[in-house]
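# compute the structure for the input listed below.
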Amino acid sequence: MGEMNVRKSEKRKGFPWFGVGFLILTAAFVGLLFTDYPAKVGRKLKEIAREIAKTREPQVAAVDESALEQQVEQRLRAQYEEELEMQLAEMRGKQESKEKPSEKEVPPPEVTLPLGKVTDVRELRSGIPFKTEVTFEKGGIASKERVDEGSYVAKYELTLRLPAPAKTLEEIAKGNPDIATILPSLPQLLEKAEVSRWYNEIYNNKAQRVKRDANALNELLTKHNIYDCQTILNLRSASGRRVFFMQAEMDVVADGSDGDRLAEMPESIVNSTYYQPTTSYGWRKVGKTPNPMIAGLEKRIVNGTKELNAAGTTADRKKWLNERISMLKRLIQDLKARSYLIAEYDPFIVIPVNLLTASSDSYAPKVGDYAVVIYGKKVYPCIVGDGGPTFKVGEASLRMAKELNAKSTPYNRPVSDLTVTYVVFPGSREAKAGPPDYDAWRQKCHTLLGEIGGLGNGYELHQWTDLLPKPDGEQPPGEVPVSAPE
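Sure, this is the predicted structure:
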């Protein structure tokens, strides 16, 4: 400790420890500077003592007053030595400036405001490039700008380019280069084709949804779901057969149930609150086997009733529970009386529900209408089996999706590109709905294709195999040859 004090003393070389020679030279200055030294020391002693006392940790033992005074004196001496050295340095500087010729003072660099624009480009979660631009402008005094609403403003501008429909064979062939050989009459059909009003309607619905979500700063539709439709055309053959022609991607639906054909379903589905046990296409139940989804719905009613009767359930929650329980009871009654398609086993496509209910449009598909799906070089017969959202197109059952891509799941679409062609025959549905008959569906689609020119040489309709579990001893039907169109 003694060595440290010696080093500090040697390093400082300040008053009053400088040396006798330097003391004589600066005596006059020191006298002036410390004219009120005693008073200053007294005030500083009290001030610094209070400061140090605050910073000290509380001690059980009494404070060592002599040690505290010594500490204050050391700090005070160091402070005044620093003051003295600054004053001496200033005096030396002035003396040197008198002896040297004056030099032009260099002003400090001017600090300027960051006026202009700063840009940044990021990406939203949905894959949309998000461009930000911050503009700095010169304003008035702060008290004025603080009350001006226009002084600090955020603007959000979203640009969405709405696409034009594909109308020519060249544009449609971008989605499937083989389309004209699969459907040899397509070039002639396109000559008088009209863009369906539903094409613009769907993109208008997309735009309205984006507008609503953008204004509320909600998550937007992904770019993928915005551009999911290449075209929707109204075609008409020379024989008068109407065709709803659509080119899009393919998403997956996994809904539906039928106790007559599938008496048991996985527990994860039966107890799911998301799985929809019905499809738009349904028919009167023909057997006595209960629908497997009823057990899960009844369990939900029991749980809901318990919560409804609990003491802590709020009035709003009770209202919701009552409505939910009523809905579940109606659904159970429906499942006792009707059967539906099963997406995992039945091939069908999904059309926006607003098209399915459009009675004034003779080209708009209806539930049960026959259709074919064309992907690559394959043609798959099916029906319109369900209704979907009004702002997106291109959906099919899990059975259809797996045929196009074996890796398909309810969470993994089979086709992300706009390369799937949907050909629907409006007005072709049967007068009475019934359980799926894949062979009859295939025969009917073959006949309808014949009315618009048929398939090209080397192409034929896919033959669906019944994958539903069969009773012991019963074999699934084999392939049935398709007769020539009538």
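
# please enumerate the helices of the stretch 51-200 of the chain.
Listed in chain order, the helices found in the stretch 51-200 of the chain under DSSP state H, counting those that start in this stretch are 65-99, 142-147, 169-173, 179-182, 186-191, 197-215.

# which residues sit against the second one?
Right, helix 142-147. By Cβ atoms under 8 Å, 6 or more residues apart in numbering, the residues outside helix 142-147 that reach it are Gly139, Ser151, Tyr152. Any C-beta I mention is one placed from the backbone N, CA and C, and that applies to glycine too.

# one more time with 6 Å, if that's ok
Residues outside helix 142-147 that contact it (Cβ atoms under 6 Å, 6 or more residues apart in numbering): Gly139, Ser151.

# hang on, the earlier thing: and the helices of the stretch 51-200 of the chain, which one averages the lowest pLDDT?
Among the helices of the stretch 51-200 of the chain, helix 65-99 carries the lowest mean pLDDT, a mean of 58.

# test my guess that Leu328 contacts Leu297.
Yes - because the distance of 5.1 Å satisfies Cβ atoms under 6 Å, Leu328 is recorded as touching Leu297.

# Ile332 and Ala214, how far apart?
Applying Cβ to Cβ, to the nearest Å, the value for Ile332 to Ala214 is 41 Å.

# what of Lys336?
According to Cβ to Cβ, Lys336 stands 45 Å off from Ala214.

# with Ile325 instead?
Separation of Ile325 from Ala214 (Cβ to Cβ): 37 Å.

# more crowded one of those two?
Higher neighbour count among Ile325 and Ala214: Ile325, with 17 against 14, using other Cβ atoms under 10 Å.

# and for the closest residue to the more buried one other than its chain neighbours, the neighbour number?
With sequence-adjacent residues excluded and distances taken as Cβ to Cβ, 6 or more residues apart in numbering, Ile325 is closest to Gly304, at 5.0 Å. Gly304 is flanked by 16 other residues according to other Cβ under 10 Å.

# pretty sure Gly304 contacts Leu321?
Yes - if you go by Cβ under 6 Å, Gly304 and Leu321 touch, sitting 5.1 Å apart.

# low-confidence ranges, this protein, go.
In the predicted model, the chain carries pLDDT under 70 at residues 1-108, 111-115, 118, 121, 125, 471-486.

# again, 80 this time
Low-confidence segments of the chain (pLDDT under 80): 1-127, 470-486.

# strands of this protein, residue ranges please.
Using DSSP state E, the strands of the chain run over 116-123, 129-136, 194-195, 229-236, 242-253, 282-284, 338-340, 348-352, 370-375, 378-388, 395-397, 415-424.

# distance to Glu170 and mean neighbour count for those - can I get that in a markdown table?
Below are the strands of the chain laid out as a markdown table (distance: least, Cβ to Cβ, whole Å; neighbours: other Cβ atoms under 10 Å):
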| stretch | distance to Glu170 | mean neighbour count |
| --- | --- | --- |
| strand 116-123 | 33 | 9 |
| strand 129-136 | 29 | 11 |
| strand 194-195 | 16 | 13 |
| strand 229-236 | 12 | 22 |
| strand 242-253 | 13 | 23 |
| strand 282-284 | 41 | 16 |
| strand 338-340 | 41 | 22 |
| strand 348-352 | 26 | 27 |
| strand 370-375 | 17 | 24 |
| strand 378-388 | 22 | 24 |
| strand 395-397 | 26 | 28 |
| strand 415-424 | 15 | 21 |
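
# can you list these in a markdown table and add distance to Arg209?
Supplementary listing: those in a markdown table, determined by distance: least, Cβ to Cβ, whole Å:
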| stretch | distance to Arg209 |
| --- | --- |
| strand 116-123 | 20 |
| strand 129-136 | 18 |
| strand 194-195 | 21 |
| strand 229-236 | 14 |
| strand 242-253 | 16 |
| strand 282-284 | 29 |
| strand 338-340 | 28 |
| strand 348-352 | 13 |
| strand 370-375 | 26 |
| strand 378-388 | 14 |
| strand 395-397 | 17 |
| strand 415-424 | 20 |
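
# quick one: closest of those strands to Thr465.
Proximity to Thr465 (Cβ to Cβ) singles out strand 378-388 among the strands of the chain, at 12.5 Å.
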